[in-house]
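> Below is the sequence, then the predicted model.
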There are 2 protein chains.
Amino acid sequence: MDEFMQAALEQAKKSLKEGGIPIGSVLVKNGRILAEGHNKRVQEKNPILHGEMDCLNNAGRVGSYKDTIIYSTLMPCYMCAGTIVQFKIPKVIVGESQTFSGAREFMESHGVEVVDINSRECIEMMRDFIAKNPELWNEDIGEL
Amino acid sequence: MDEFMQAALEQAKKSLKEGGIPIGSVLVKNGRILAEGHNKRVQEKNPILHGEMDCLNNAGRVGSYKDTIIYSTLMPCYMCAGTIVQFKIPKVIVGESQTFSGAREFMESHGVEVVDINSRECIEMMRDFIAKNPELWNEDIGEL
């Protein structure tokens, strides 16, 4: 796990400590972190602030995303994947896709490179969270 | 144009008066407006607050979206379409898709019903805005 995924994981752990959903994200440009974020559905009662969306929100208006890479501790859902496609972010690196398969094929069909590092730490964090909070997790992925 | 599209159009006009991008949206459940919103890229320097996203943000945690309809003055982009698919919003009614074709097929391929009322007022509003603000518009749709 590189320093950027480590930063995303720290964001996820921060969310968990706040009583939120443990998914974190960072946006990297030219080897530097532009912004960090984490899921805030619980903290801000906000359904659109998944980790990736909060990160892009925090980054503000960056202009072109063509030299950026977005990291997420979990495979993006359709909302976050649609945003990646629309913003033309060329590369996504995810911590895992074992607990949620997300929208990998959709992103790849639009030319986005997707790398899954299959991190045991990321998998165990989400598996534990989902087991303890199934309703909250189902709400977050629209399974109600 | 029904009362709900009228409310979305009023949101778009409000954004224009604020110096922002004129796209508005409302979320309707059982014949009642749950929330309204408009594009806030300029006003809040926020790239994720397209009209539909701001509306869903304002709606908060509504639980299941299965009885909702989202209205937008313009065909949703991939970010907003991905959100509609992920949240399982079953129906989208748009003011127009002449000035931006958006992600209609993607939504339909996921079972979302899409109705385009092809409103001349919506078309003229966007056509005029894009002609006067091409760079801002290109930024909003990721064409940089």
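Right, received. Where do you want to start? Numbering: from 1, shown residues only, chains lettered A, B, ... in the order given.
> Where does chain A get nearest to chain B, residue-wise?
A:G82 (2.1 Å; CB to the nearest CB). Every C-beta, even on glycine, is put in place using the N, C-alpha and C of the backbone.
> In the sheet, which strands lie alongside the helix or strand containing A:S25, parallel or antiparallel?
According to DSSP states H and E, A:S25 maps onto strand A:24-29. As defined by DSSP bridges, the strand partners of strand A:24-29 come to strand A:32-38 (antiparallel), strand A:68-72 (antiparallel).
> Let me see the contact set for the residue most central in space within chain A.
What sits nearest the mean C-alpha location of chain A, by CA atoms, centre = their mean, is A:S72, with 3.4 Å. By CB atoms under 8 Å, 6 or more residues apart in numbering or on different chains, the contact list for A:S72 reads A:A8, A:I23, A:G24, A:S25, A:G51, A:E52, A:C80, A:V92, A:I93, A:V94, A:G95.
> how near is it to A:F4?
Counting by CB to CB, to the nearest Å, the separation of A:S72 from A:F4 is 11 Å.
> re earlier: closest one of the contacts of A:S72 to A:S119?
A:G95 (4.6 Å; CB to CB).
> Check that closest one and give its pLDDT.
A:G95 is assigned 98 on the pLDDT scale.
> do the same with A:D140
pLDDT at A:D140 comes out at 89.
> Surely it touches A:L49?
No. A:D140 lies out of contact with A:L49 (CB atoms under 8 Å); the separation is 10.3 Å.
> So for those two, which residues contact both of them?
A:N39, A:R41.
> Show which residues not belonging to the helix or strand bottoming out on mean pLDDT in chain A make contact with it.
Taking mean pLDDT, DSSP states H and E as the measure, chain A has helix A:134-140 as its least confident helix or strand, at a mean of 92. Identification of contacts with helix A:134-140 by CB under 8 Å, 6+ apart yields A:I21, A:N39, A:R41, A:V42, A:P47, A:H50, A:F129, A:I130, A:L144, B:R61, B:G63.
> ok, of those residues, which come out buried?
Buried members of the contacts of helix A:134-140, counted by 16 or more other CB atoms under 10 Å in any protein chain shown: A:I21, A:N39, A:R41, A:V42, A:P47, A:H50, A:F129, A:I130.
> among the residues you listed, which are in reach of chain B?
A:R41, A:P47 (CB under 8 Å from any CB of the partner chain).
> Among the buried ones among the contacts of helix A:134-140, name the ones in helices.
Among the buried ones among the contacts of helix A:134-140, the residues falling in helices (DSSP state H) are A:F129, A:I130.
> Test my guess that the residue of chain A closest to chain B contacts B:F87.
No. A:G82 is beyond contact range of B:F87, at 11.4 Å (criterion: CB under 8 Å).
> Among these two, which residue is more densely surrounded?
A:G82 (29 against 23; other CB atoms under 10 Å in any protein chain shown).
> Might one say that A:A8 is in contact with A:Y71?
Yes. Using CB under 8 Å, A:A8 makes contact with A:Y71 at a distance of 4.6 Å.
> Next, show the common contact partners of these two.
Common contacts of A:A8 and A:Y71, defined by CB under 8 Å, 6+ apart, comprise A:S25, A:V26, A:G95.
> Up against chain B, what does chain A have?
A:41, A:45-49, A:53, A:56-57, A:59-66, A:77-83, A:85-88, A:103, A:106, A:110, A:139, A:141-142, A:144.
> Is there a quick PyMOL command that grabs whichever of those are buried?
Buried residues among the residues of chain A next to chain B (16+ other CB under 10 Å), as a PyMOL selection:
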select buried, chain A and resi 41+46+47+48+49+53+56+57+59+62+65+77+78+79+80+81+82+83+85+86+87+88+103+106+139+141+142
